[in-house]
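S.K.: Mind looking at a prediction? Sequence and model below.
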Amino acid sequence: MEVDTAQLDAIIEKYNGDRSYMLAMFQDVQRLYRYLPKQAIYHICKKLEVPFSKGYEVATFYKTLSLKPRGKHTIHVCIGTACHLRGGPNILETFERELKIKTGGTTGDGNFTLETVNCLGACALAPLVRVDEQDFGKATQAIVKKIIDEFKDEVKS
Amino acid sequence: MNITLEQLDSISSRYIDVMSKYSKIIRVCCGTGCVSSGALKVYENLKRALMDKGLIDKVLVKKTGCHGLCERGPIVVLGDEEILYQSVGKRNIDDDITALLNTITENQIVDRLLYQGEDKGKKYISPKDIPFYAGQKRVVLSLNGIIDPEDIEEYISKGGYRALYKALLMEPEEIINWIEKSGLRGRGGGGFPTGTKWRSCRSAPGDVKYVVANGAEGDPGAFMDKSLMEGNPHSIIEGMIIGGYAIGSNQGFIYVRDEYFLAVNRLIKAIESARSYGLLGKNIFDSGFDFDIKIFRGGDAFVCGESTALMSCIEGKSGESRAKYIHTVEKGLWEKPTNLNNIETWACVPHIINKGWNWFATIGTPNSRGTKVFSLVGKVKNTGLIEVPMGITLREIIYDLGGGIRGDKKFKAVQTGGPSGGCIPEAYLEMPVDFDSLTKLGSMMGSGGMIVMDERNCMVDVARYFLKFLVEESCGKCTPCREGVRRMLEIVNRICNGEGKKGDIQHLEELARAVSLGSLCGLGQSAPNPVLSTIKYFRDEYILHIEEKKCPAGVCKALTEFKILPDKCTGCMRCAMECPVKCIKGAKKEVHVIDSDFCIKCGTCYDVCRFDAVMIE
């Protein structure tokens, strides 16, 4: 995919081209494209004068970064300890069943990507689901269906 | 322009003056928990309603950090801890806003919004009387839920940055002496004496030194640091500046997980306003001391909570830990002496400077001074954030503050210390909570996650959960951790799938020894704890899984079958309606039957049945 190098340069500039902020730059790129395109890693590494292998190492080490394109909405099902004990795995299975994808996958229509996260720190409301930047606490199988409907419509309209 | 004490005091009195013009102050909790329950809408709607009534000049509505009782969010507190309303706007937001207005204008207390224990007993008006709050001792959290975290002037009006002023008049050595004598130990889990760490970093050779606040909080089931960063970011900043001065460092870093976006935003705002008030930057309080703080956003990697991995992450590399025969206080970030403390530890510092080391040393037990913040979660009635004096018993926390087990099920274990800790059974509920007693039990204090489990939680599954977590989170550098934990997971997986063999338990114990001896960092060294502690206290459950192929909690799917007892089933249809795969057949007032060919064994029927008619086989 083509990346907008001017936008990438602006991100690099935001951190004064400081190499130690490579992860932060990647996070910003991901906010832009919803994933981290390989071309962006190339470009940033070149600008920072860092070997591509180092950039690739960082990009693959941290779970928040995705090298695969994501759907319009990313669903994060929390599988932290509290969520695990209060039915998180069932919620994850329900999403897999309803969306007909496995964890890590994206629906055919490009609407949803399903991922897990280790803890979002809202343990008191376990089990928790985060869609993009919105949290849904005390999730049930009914809430799963509601979330899917709600966000599906949003995409259509 | 450098700020002076007089200016600080005048900001204070001006702020207090402005506040006194309001006849009532209403605090809406806007911590993560309450926000996901709809607190922002309550805040906006209440403001609009006050505007419409022409009351906006008389009544102030404020957004605050976490109040702690996340279970009952959104929480709204009226006046100075006069009335606490819970679950505001959960049923009908318009009704609740009208009710709030009634309370404001007519002093009418709305019964349905008051807190009531799960036993449907007494209703409480003031938060001070609610057992969940009454049993706490709030030091670090004292301003959480009271102040607006985005308003530096409010922090100043509550005595903020006075500790910094006082500290800058002290000799650095004296500050370190105070911290040492206070008995403060690291709140991140290890419990290393903070003063000793500061002293080593101060005496390490080198002109450039760094201080770091560890807000990685990667252990699942914990949100203490998050709530602090969101609720009172200035206390952390103030602690770090004092630490920087004592150690001889001019640059601080705060490491936060990127997923904690609310915490990141509030910290960025707090640092900016501290800079603009001259509390960060050059020549603070005309003392000749310079200090600044940078934020570093991490990327969901548990190992980055470990100090050396965290530093490697700040340097822009992947977060791999290294051997610590050279301590980070000598060679840390970019090979410079670096002092890393947990967020909560930093937040303790201003209190110690303000009130004196001897005050701090009176709280807690001889070897564990002060208070500790815990996130009390899992199968307990009142989940949320609590701060208690060290030495309080587990029973007091779980039953007095937490209100006991939900649905009055049987308590089984409490897990502390995250993936490095262990599960503590009922027999040890009278144990005091401090660094040493928890370690003695095969668990650890950890950063403060406390996860309560009941009879519906399978201990072998809990061990499997943590192993799976650690397999994914091991950075892969040390073979015993990378491969050993994986082998342990394979064995536990087999046990959960009904393929356990005799000798599996011994095999797990052997592997555990190897993993813990052969790993460089804390992640690997403590990785076997969840397995070892569950074997130690719940060996019978392992044996049932291995020899009788049974999972008494009904969690391990291969070993579980749900059946409906014909003599108990009333045919209420509830389980049939809730079943996600619709595999329960039966008409109204007729005995229901589960079609085991289609059953996914999620246990929903068991959990929703009000007549104990579903059994685990």
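M.R.: Great, that's in hand. Numbering: from 1, shown residues only, chains lettered A, B, ... in the order given.

S.K.: what's near enough to touch residue 139?
M.R.: Answering for chain A, as no chain was given. A:A139 is in contact with A:87, A:91, A:127-129, counting by CB atoms under 8 Å, 6 or more residues apart in numbering or on different chains. Glycine gets a C-beta too; all of them are placed from N, C-alpha and C.

S.K.: please go with chain B instead
M.R.: B:V139 neighbours (CB under 8 Å, 6+ apart): B:348, B:351, B:363, B:370-371, B:387.

S.K.: Okay, and which of those map to helices?
M.R.: Among the contacts of B:V139, the members found in helices (DSSP state H) are B:348, B:351.

S.K.: What's the local residue count around residue 105?
M.R.: All of this is about chain A. A count of neighbours around A:G105, defined by other CB atoms under 10 Å in any protein chain shown, yields 16.

S.K.: nope, chain B please
M.R.: 13.

S.K.: so where's chain A shaky on pLDDT?
M.R.: Within chain A, the stretches with pLDDT under 70 are A:1, A:153-157.

S.K.: Which parts of it are strands?
M.R.: For chain A, applying DSSP state E gives strands covering A:73-78, A:112-117, A:129-131, A:134-136.

S.K.: can you pull out the helices in chain A?
M.R.: Taking DSSP H as the criterion, chain A carries its helices at A:5-14, A:22-33, A:38-48, A:52-61, A:81-85, A:88-99, A:141-156.

S.K.: and among the ones you listed, the most buried is which?
M.R.: helix A:81-85 (a mean of 29; mean count of other CB atoms under 10 Å in any protein chain shown).

S.K.: Output that helix as CSV, restricted to C-alpha atoms.
M.R.: Extracted as CSV, the C-alpha positions of helix A:81-85 are listed here (Å, rounded to 0.1, in the frame of the first residue of the first chain):
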residue,chain,number,x,y,z
THR,A,81,-7.6,-12.3,35.1
ALA,A,82,-10.8,-10.7,36.4
CYS,A,83,-12.4,-10.9,33.0
HIS,A,84,-11.2,-14.5,32.5
LEU,A,85,-12.9,-15.5,35.8
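
S.K.: anything in it near chain B?
M.R.: Yes: for helix A:81-85, a contact with chain B is found by CB under 8 Å from any CB of the partner chain, at A:81-85.

S.K.: Need the max-distance pair from the contacts of B:V139.
M.R.: Farthest apart among the contacts of B:V139 by CB to CB are B:H351 and B:E387. That separation is 11.7 Å.

S.K.: Mutual contacts of the two, please.
M.R.: Here B:H351 and B:E387 share the contacting residues B:139-140, scored by CB under 8 Å, 6+ apart.

S.K.: Quick check, B:L544 in contact with B:A553.
M.R.: No: counting by CB atoms under 8 Å, B:L544 does not reach B:A553; the two are 10.1 Å apart.

S.K.: okay, now the domains of chain A?
M.R.: Residue ranges for the domains of chain A, per automatic domain parsing: A:5-61, A:73-156.

S.K.: quick one on the thing from earlier: of the contacts of B:V139, closest to chain A?
M.R.: In terms of CB to the nearest CB, no member of the contacts of B:V139 lies closer to chain A than B:E387, at 14.9 Å.

S.K.: Report the contact partners of that closest one.
M.R.: B:136-141, B:371-374.

S.K.: Show me which pair in these is furthest apart.
M.R.: For the contacts of B:E387, the maximum inter-member distance is 13.5 Å, found between B:V139 and B:F374 (CB to CB).

S.K.: Would you list the phi and psi of the residue sitting furthest away from the middle of chain A?
M.R.: Of all residues in chain A, A:E49 sits farthest from the chain's C-alpha centroid, using CA atoms, centre = their mean; the distance is 27.2 Å. With angles defined as degrees, to the nearest 10, A:E49 sits at phi 60, psi 50.
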